[in-house]
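> coords please:
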Amino acid sequence: MSETGAVNTVPASAEAAPRAADARTRPGSLARTLPPERLLEVRNLKKYFPIKGGFFGGTVGAVRAVDDVNLHVDTGEILSLVGESGCGKTTTSRCVLRAVNPTSGEILFRLGDDEVVDVAKLSDRELRPLWRNMQMIFQDPFGSLNPRKNLFDIIGEPLLVNGVRSRQERMDRVAELLGLVGLRPEYMHRYPHAFSGGQRQRVVIARALALNPKLVVADEAVSALDVSVQAQILNLLLELQERLGLSYLFVAHDLSIVKHISHRVAVMYVGKVVETAPTDPLFHAPLHPYTSALMAAVPQADPRRRGEMIRLEGEVANPAKPPSGCYFHPRCPFATDQCKAEAPALREVRPGHFVACHRAEELDLPGVQSGSAVQAVAQAQG
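Numbering: from 1, shown residues only. Prediction:
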């Protein structure tokens, strides 16, 4: 399937098949609908939050937090999802894990070579075994840990829930996981308050890896940490990705981190993906005016070299009442009448480079300049 979101039709016989132990016959399951290298594919994903109002408290509108998103993650790949605060990055990631129920769309996830399941259509009961393969690293390493439990209970809880009843087996596995993330095994009897922010995030990572997942969703996983600690955690994530063959959906707003860690990048604006490309082409030759503005906002590492700031006029579009046509057109200096009237489709303009812009072929937009903070930080962290 292309990035434009064309949906493959599920055979009626597959939808009507009775529920069985084999995942290929249960509701929401498909067979051979993804390319062999693909682990996750999101098709036409939408999440609308109702707005209540009026005398009777009825629904008077909806906030389009995620509005027709299409993206994919291949096995062993790191896809970063970037954009301004409130653009829908976190909601998209939570929909992928079904921590939030999507309004519509498909979330296809590969469980085996011939086994693909639509996460969006699974019941709560069917989701529990699936979550062994999909885990999340949260933004706040302290808020996501129970202060009343020690590390053995925190990291060992997923094992206990999934049938590992032997305490010794859990202790052995917790010790292994602590060593894997760079902590000493004897720390398992300590509580979260005894650790620094970076150490707590290592504990969160160890908990996420307890069940050997295929996909890890990292929601601003290093944004709450000091810069020096960020580099350590990023390098740990890259090491684990190589050692364990993990795939990451990495949600971030810091472009220096994104440039350092990603294979591909998807840029979101007001609930929509406006550009997707491999990391280097996106940073050096963006095709969407919004992506170019993000790149221009990256500070220069050399004070003698000042890049030209692209100042966007107006405010971010209201997701409860978005403008017609392209959502970015009220702020875009290149907008035409077509942009105001017709919503652009996400299309492939260069090999592997997709953009939702009517004028992508005409524009020559600047990317990250040499000497930028992105390059300086990437070199320091590398």
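
> C-alpha only now, for contacts and for neighbours.
OK.

> could you pull out the strands for the stretch 151-300 of the chain?
For the stretch 151-300 of the chain, the strands defined by DSSP state E, counting those that start in this stretch cover 215-219, 247-251, 264-269, 272-278.

> pipe those strands into JSON lines and attach distance to residue 38 per row.
Written out in JSON lines, the entries for the strands of the stretch 151-300 of the chain read as follows (distance: least, CA to CA, whole Å):
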{"stretch": "strand 215-219", "distance to residue 38": "11"}
{"stretch": "strand 247-251", "distance to residue 38": "10"}
{"stretch": "strand 264-269", "distance to residue 38": "14"}
{"stretch": "strand 272-278", "distance to residue 38": "16"}
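
> export the ones you listed to a markdown table and tack on mean pLDDT?
Rendered in a markdown table, the data for the strands of the stretch 151-300 of the chain read as follows (pLDDT from 0 to 100):
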| stretch | mean pLDDT |
| --- | --- |
| strand 215-219 | 95 |
| strand 247-251 | 96 |
| strand 264-269 | 96 |
| strand 272-278 | 96 |
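
> export the ones you listed to TSV and tack on mean neighbour count?
Putting those into TSV (neighbours: other CA atoms under 10 Å) gives the following:
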stretch	mean neighbour count
strand 215-219	24
strand 247-251	25
strand 264-269	24
strand 272-278	25
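
> how about low-confidence regions in this structure?
Under the criterion pLDDT under 70, the flagged ranges of the chain are 1-32, 299-310, 369-382.

> for the one residue sitting closest to the centre of it, what are its contacts?
Compute the mean C-alpha point of the chain, and by CA atoms, centre = their mean the closest residue is residue 249, 3.8 Å away. Residue 249 sits next to 73, 78-81, 93, 215-218 when contact means CA atoms under 8 Å, 6 or more residues apart in numbering.

> farthest pair within those residues?
Put simply, by CA to CA the two of those set farthest apart are 81 and 215, 14.7 Å from each other.

> pull the longest helix from the chain.
Longest among the helix segments of the chain by residue count, using DSSP state H, is helix 227-244.

> contact partners of it?
The list of residues contacting helix 227-244 from outside it, by CA under 8 Å, 6+ apart, reads 76, 181, 198, 201-202, 222-223, 246-247, 261, 381.

> burial count for residue 172?
For residue 172, the number of neighbouring residues by other CA atoms under 10 Å comes to 12.

> picking that back up, and the contacts of helix 227-244, which are buried?
Members of the contacts of helix 227-244 that pass the buried threshold by neighbour count (16 or more other CA atoms under 10 Å) are listed as 76, 181, 198, 201-202, 222, 246-247, 261, 381.

> hmm, which two among those are most spread apart?
Put simply, by CA to CA the two of the buried ones among the contacts of helix 227-244 set farthest apart are 76 and 198, 24.6 Å from each other.

> residues contacting residue 125?
Contact criterion CA under 8 Å, 6+ apart gives no residues in contact with residue 125.

> phi, psi for it please.
Taking degrees, to the nearest 10, you get phi -70, psi -40 for the backbone angles of residue 125.

> so how far is residue 119 from it?
As judged by CA to CA, to the nearest Å, residue 125 and residue 119 stand 12 Å apart.

> likewise residue 342?
Residue 342 sits 31 Å away from residue 119, going by CA to CA.

> just to revisit the earlier point, quick one, which of the strands of the stretch 151-300 of the chain gets closest to residue 338.
When the strands of the stretch 151-300 of the chain are compared by CA to CA, strand 272-278 sits nearest residue 338, at 16.5 Å.

> who are the neighbours of the closest one, in terms of helices and strands?
Under the contact criterion of 3 or more CA pairs under 8 Å, 6 or more residues apart in numbering; DSSP states H and E, strand 272-278 touches strand 58-74, strand 264-269, strand 353-355.

> sorry, back to before: possible to save the contacts of helix 227-244 as CSV with distance to residue 153?
As requested, these are arranged in CSV below (distance: CA to CA, whole Å):
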residue, distance to residue 153
76, 30
181, 17
198, 19
201, 16
202, 15
222, 24
223, 26
246, 24
247, 26
261, 31
381, 33
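
> among those residues, which two are most distant?
Using CA to CA, the contacts of helix 227-244 reach their maximum pairwise distance at 76 and 198, which is 24.6 Å.

> so which strand or helix has residue 84?
Following DSSP states H and E, one finds residue 84 outside all helices and strands.

> appreciated, that's everything.
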